[in-house]
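**Q** can't give you the sequence, but here's the structure:
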């Protein structure tokens, strides 16, 4: 029987954390790049947060992307943002399993 070691779990989480570098958020039909506001790794989950402060209007989509703009995670939203800041969370949970042959 094979067993995944903690180092492999930690290295995979670190890779996922470094892979996602920004988000593209659609507000009122206009796409804008947004920086990652906060990133956390807890247990087997990487959480990336994007904070919108100045934008106003209907938020319809947020896409977490890598350094070349390739989409990693897409969230469909329907949130009418006013004057208050709005935080979009991208939780990414990993589950690693050893395949048996």
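**A** Everything's here; your move. What you are looking at is a predicted structure, and each value in this text was computed from that prediction instead of being measured.
**Q** so the residue most central in space within the chain bridges to which residues?
**A** Centroid-nearest residue in the chain, with C-alpha atoms, centre = their mean: residue 90, separated by 3.6 Å. In this entry, residue 90 is beta-bridged to residue 48, by DSSP bridges.
**Q** return the residues in contact with it.
**A** Contacts for residue 90 (C-beta atoms under 8 Å, 6 or more residues apart in numbering) come out as 20, 23, 47-50, 62, 64, 73, 75. In short, each C-beta sits where N, CA and C put it, glycine included.
**Q** just those: which are in strands?
**A** Judged by DSSP state E, strands contain the following of these: 23, 47-50, 62, 64, 73, 75.
**Q** most surrounded residue in the contacts of residue 90?
**A** residue 23 (27 neighbours; other C-beta atoms under 10 Å).
**Q** can you give me the helices in this structure?
**A** 6-19 (DSSP state H).
**Q** next, the buried residues of the helix or strand of it with the lowest mean pLDDT.
**A** For the chain, the helix or strand with the lowest mean confidence is helix 6-19, at a mean of 91 (criterion: mean pLDDT, DSSP states H and E). Applying a neighbour-count criterion of 16 or more other C-beta atoms under 10 Å, one finds 13, 16-17, 19 buried in helix 6-19.
**Q** against which helices or strands is that helix packed?
**A** Here helix 6-19 touches strand 38-42, strand 45-52, going by 3 or more C-beta pairs under 8 Å, 6 or more residues apart in numbering; DSSP states H and E.
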